[in-house]
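Student: Show me the folded form of this:
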Amino acid sequence: MAIKNERGVAILLAVFGLSVMIFLAVEVAYDTQVEYITASQNVNRLKAHYAAKAGVEISLLRISIYKQALAAAGPQLGAKAQTLLNPIWQFPLSWPILVPDKVNSVEKEEIQAATAESLMDSQYFVTIEGEGGKIDINDLDSPNAEIADRLKAQIIQMFEQEKESNEVFRQKYSNFDFNELLSAIKDWIDEDSNPTGRSGTERGGYSDRGEDGNFLPPNQPFKSLEELHMVKGMVDDFYRVLAPRITVFGTKGINVNTAPDLVIKSLSSDIDDEKMARINERRNDPEKG
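Tutor: Numbering: from 1, shown residues only. Next comes the predicted model:
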């Protein structure tokens, strides 16, 4: 009986020891996997950081080259200088380099070889946009009433154009009062707490914001376009209409040479597609510009 009992205890000890070893092995494997994933995420974060930094620095270099080229060639080329040199900064740049189909096989192999030798193990795509071709949304609270009223009319015109060209947008917002939306945007910017629209107070419509339910507009200019999402009445459909056409960087006029078609058309309801085509023909003509 004593021998059988000893064998039973030995089996229990062996099973217990095996269970402990399996538990430790699983824990070690789990911890190793977590550390590997964490390390990989950190590496990817570093790659993304330096890819973004490279894109920004190359963009700044392109702008610097453009300014130097413009200063050097401007006196000789005159009005044609900007048109001829604008591709220096306007052309999108990506990494790895996208090889055009028209490139011959020798040049394609050289580009691919240079890409393979690079230590940049990440991707980025960079475009440079001229903010001078957009309108400053913060001018809705301009001390110059004429500027503020003109900007308001421009934005209303943008939404009207969207109704004309977008059937879904027209059906959803045919009866929407865009003046109230612009009043809410102005209340967000202006320094006082007096409502511009029909709401009783600037606080109206923000009762669900903030821990105490007393969320107030900051009464200061927008610092980013994304901040528009926080304005009452602003929905994604409206933001998509405004975002490509406005800026928050203090541009006090529109550069008609670089402004997108949609911004130019918002200047007047008389500018239709035919007139816009004639404007672009003149803008792209190096003899006129």
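Student: shaky segments in this structure?
Tutor: 1-9, 197-201, 204, 208-215, 250-254, 286-289 (pLDDT under 70).
Student: quick one, helices of it?
Tutor: With helices called from DSSP state H, the chain shows them at 2-77, 80-85, 87-90, 105-117, 145-165, 167-173, 178-189, 236-242, 261-266, 273-283.
Student: so which of those is the most packed in?
Tutor: Greatest average neighbour count among the helices of the chain goes to helix 178-189 (a mean of 21), per mean count of other Cβ atoms under 10 Å. Using the backbone N, CA and C atoms, a C-beta is placed for each residue, glycine as well.
Student: returning to that earlier point: distance to Gln123 added to the helices of the chain, as a markdown table?
Tutor: Listed next are these as a markdown table, based on distance: least, Cβ to Cβ, whole Å:
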| stretch | distance to Gln123 |
| --- | --- |
| helix 2-77 | 7 |
| helix 80-85 | 28 |
| helix 87-90 | 21 |
| helix 105-117 | 11 |
| helix 145-165 | 33 |
| helix 167-173 | 33 |
| helix 178-189 | 36 |
| helix 236-242 | 25 |
| helix 261-266 | 29 |
| helix 273-283 | 32 |
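Student: Could you pull up the residues touching Gly74?
Tutor: If you count contacts by Cβ atoms under 8 Å, 6 or more residues apart in numbering, Gly74 has them with Ala81.
Student: related to what we said a few turns ago, for Leu216, which of the helices of the chain is the nearest?
Tutor: helix 178-189 (9.8 Å; Cβ to Cβ).
Student: roughly how far out does that closest one sit from the chain middle?
Tutor: Relative to the centre of its chain, helix 178-189 is centred 22 Å away, using Cα atoms, centre = their mean, to the nearest Å.
Student: ok, residues contacting it?
Tutor: For helix 178-189, contacts defined as Cβ under 8 Å, 6+ apart pick out 137-138, 140-141, 148, 152, 155-156, 159, 195-199, 202, 205, 217-222, 228, 230-234, 238.
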